[in-house]
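A.B. asks: when you get a sec, could you give me coordinates for this:
(one chain, ligands or ions: 1)
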Amino acid sequence: MDGLVVDLGEVVGPDQVLSDPEVVASYTVDWTGRFRGASTVVVRPGSVAEVAAVVVACRRHGAAVVPQGGNTGMVGGGVPLAGEVVLSLRRLDAVGDVDRLAGQVTVGGGATLGTVRQAAADAGWAYGVDFAARDSCTIGGNVGTNAGGLRVLRYGDTRAQVLGIEAVLGTGQVVSHLGGLLKDNTGYALPALLCGSEGTLGVVTAARLRLVPPSPHRVVALLAFGGTAEAVSAAAELRRGLPSLSATELMLQSGIALVCRVTGAPLPLADPHPAYLLVEAAGPADPTGELADAVDHLVGVAEVAVAEDSVRAAALWRYREAHTEAVNALGPPHKMDVTLPAAALADFVDRVPDEVAAVAPRAETWLFGHVADGNVHVNVTGLDPDDDRVDDAVLSLAAGYGGSISAEHGIGTAKRRWLHLNRTAAEIDAFRGIKAALDPDGILNPNVLLPAP
Ligand SMILES: Cc1cc2nc3c(=O)[nH]c(=O)nc-3n(C[C@H](O)[C@H](O)[C@H](O)COP(=O)(O)OP(=O)(O)OC[C@H]3O[C@@H](n4cnc5c(N)ncnc54)[C@H](O)[C@@H]3O)c2cc1C
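C.D. replies: Prediction:
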């Protein structure tokens with residue numbers, strides 16, 4: 001390791017090689033606190049050439065590398081759980097000029113989602129991906145996890161935004177294709193391949209992103225229902241009948257009560273209700289009337305609050321966005337981020353608490369999610385971080401319904417032993433073949449995504 005540290009210092013300068021144990025420690029624990037590792041060194045390159053030289057040096061020394069962006073990932077994929085070198089991309093935070101003619105921008109892998117969103121807005125455009133970790137998570141991490149978030153129903157996931165990519169492969173070679181041509185059938189689509197690859201195939205140093213037209217008029221409403229099934233049906237109806245729909249988020253009374261307890265917010269409606277939908281409509285013209293009409297036609301709405309202004313809209317959004325931090329306040333959660341077929345979603349949500357209780361009677365279950373995408377975040381608190389019996393029960397239940405064990409957070413280290421629930425042996429073999437081609441010595445994040453051989 002000493003020889004590697006010297007070599008890394010020659011590449012990036014000694015100031016950008018961190019080995020003080022207290023400083024390194026802040027890079028070794030994930031956001032949830034569930035995944036705690038150790039490393040002797042964090043390296044912080046400032047250019048693609050430095051990233052390439054770092055990878056080459058690590059390869060020469062046989063040292064495994066964990067690429068890390070904002071460290072907001074939820075599945076233990078961005079922290080060194082087996083003593084890997086931490087390759088922090090946060091210095092690659094440049095945001096290029098917005099190409100106003102094409103509606104595109106090229107940004108560094110370490111630029112935060114929030115910075116990119118602001119740059120797009122300043123140029124009269126918008127960026128289609130958004131979620132609560134916006135001010136910490138990076139575009140490289142978003143590509144690594146193929147992040148989804150609040151507006152997938154309108155604009156798609158990160159893969160749908162990435163038109164070009166620059167990355168350093170496990171060989172140290174740089175692949176760069178940032179032209180942003182909308183039609184470009186010249187072989188394999190590396191941007192699509194790298195989206196969701198979780199740092200196992202290449203280190204993303206830049207991305208060319210598609211921008212979308214801004215939606216200056218926005219209205220937010222909170223709808224209450226007597227049960228999950230009614231809320232899920234209403235979400236489907238809104239997708240069909242409300243063209244300006246830009247978000248529908250499912251929450252349950254238990255989660256709302258927790259958010260109120262942790263944040264001190266008042267209950268959002270006069271009475272508590274079993275299920276809620278946070279609905280946002282947005283567009284070039286005021287969608288308030290369109291939203292009101294659509295809500296009038298819904299069945300089973302027990303109570304409604306409509307935000308009259310942006311302050312109240314932000315307050316309603318806070319009930320949803322504060323779920324993640326409120327759950328974390330109870331101690332490191334087990335997070336199972338699953339997608340269900342639409343027809344099974346309500347049944348799954350209603351069954352999960354009992355399935356968890358059968359395995360861990362003293363645990364608590366918190367459910368919320370991006371309901372229009374079929375995506376439910378199952379959070380369970382009160383468990384030992386290493387006790388994965390609940391993970392097994394919940395992921396098996398989701399797969400049994402024909403769902404996915406990872407909607408948007410990725411597989412990481414947390415779910416690699418369950419990948420077979422969604423992927424055949426032939427698919428996993430193909431994954432291994434791709435990994436071997438792009439990272440022949442297996443130094444890039446070797447302990448995530450693919451099951452241990
Ligand atoms: C409050 C909160 C809300 C969230 N909401 C959502 C949500 O709605 N939707 C959603 O999808 N996620 C959500 N997340 C999860 C998280 O923010 C995303 O997974 C995000 O994309 C991670 O970005 P990051 O920069 O923090 O990556 P990290 O956590 O640093 O890394 C995540 C993975 O990407 C890899 N990686 C990081 N940078 C690079 C790079 N430059 N090149 C290659 N690989 C890289 C890492 O090795 C790791 O495998 C939320 C997190 C928090 C804390």
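A.B. asks: doesn't residue 414 make contact with residue 392?
C.D. replies: No. Judged on Cβ atoms under 8 Å, residue 392 makes no contact with residue 414 at a distance of 11.8 Å. Just so you know, the C-beta spots here come from the backbone N, C-alpha and C atoms, and that holds for glycine as well.
A.B. asks: the two: which has the busier surroundings?
C.D. replies: residue 414 (28 against 14; other Cβ atoms under 10 Å).
A.B. asks: which SSE is the more buried one in?
C.D. replies: Taking DSSP states H and E as the definition, one finds residue 414 inside no helix or strand.
A.B. asks: residue 391 is in contact with that one, correct?
C.D. replies: Yes. If you go by Cβ under 8 Å, residue 414 and residue 391 touch, sitting 7.3 Å apart.
A.B. asks: return the residues in contact with the residue in the stretch 251-400 of the chain positioned nearest to the ligand.
C.D. replies: Relative to the ligand, the nearest point of the stretch 251-400 of the chain is residue 324 (3.8 Å; Cβ to the nearest ligand atom). Residue 324 is in contact with residue 132, counting by Cβ atoms under 8 Å, 6 or more residues apart in numbering.
A.B. asks: just give the number of residues close to the residue nearest to residue 247 when sequence neighbours are not counted.
C.D. replies: Nearest non-adjacent residue to residue 247, counting by Cβ to Cβ, 6 or more residues apart in numbering: residue 280, 4.1 Å away. When neighbours are defined as other Cβ under 10 Å, residue 280 has 25 of them.
A.B. asks: now residue 100
C.D. replies: Quick note: residue 100 (other Cβ under 10 Å) scores 12 neighbours.
A.B. asks: surely it meets residue 124?
C.D. replies: Yes. Residue 100 lies in contact with residue 124 (Cβ under 8 Å); the separation is 7.2 Å.
A.B. asks: re earlier: what lines up beside the strand or helix carrying the residue nearest to residue 247 in the sheet?
C.D. replies: According to DSSP H and E, residue 280 maps onto strand 275-283. On the basis of DSSP bridges, the sheet neighbours of strand 275-283 come out as strand 217-225 (antiparallel), strand 245-252 (antiparallel).
A.B. asks: relative orientation of whichever helix or strand comes after it and strand 245-252 in degrees?
C.D. replies: For strand 275-283, the following helix or strand on the C-terminal side (DSSP H and E) is helix 288-296. With axes from the mean of the first three to the mean of the last three Cα atoms, to 10 degrees as the basis, helix 288-296 and strand 245-252 are set at 40 degrees to each other.
A.B. asks: output stretch 236-250 as CSV, restricted to C-alpha atoms.
C.D. replies: Output in CSV follows, covering the C-alpha atoms of stretch 236-250 (Å, rounded to 0.1, in the frame of the first residue of the first chain):
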residue,chain,number,x,y,z
ALA,A,236,-53.5,5.1,-12.5
GLU,A,237,-56.5,7.3,-13.3
LEU,A,238,-54.4,10.5,-12.9
ARG,A,239,-51.8,9.1,-15.3
ARG,A,240,-54.6,8.5,-17.9
GLY,A,241,-56.6,11.7,-17.4
LEU,A,242,-54.1,14.4,-16.3
PRO,A,243,-51.6,15.1,-19.1
SER,A,244,-49.7,17.7,-16.9
LEU,A,245,-49.1,15.1,-14.1
SER,A,246,-45.5,15.3,-13.1
ALA,A,247,-45.4,13.3,-9.8
THR,A,248,-47.6,10.9,-7.8
GLU,A,249,-46.1,9.8,-4.5
LEU,A,250,-47.7,7.2,-2.2
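A.B. asks: do it and the ligand meet?
C.D. replies: No. Stretch 236-250 does not reach the ligand (Cβ under 6 Å from any ligand atom); its nearest approach is 9.5 Å.
A.B. asks: what's near enough to touch the spatially most central residue of the chain?
C.D. replies: Residue closest to the mean C-alpha point of the chain, counted by Cα atoms, centre = their mean, is residue 147 at 3.8 Å. Contact analysis of residue 147 by Cβ under 8 Å, 6+ apart lists 113, 129, 131, 137, 141, 157-158, 408.
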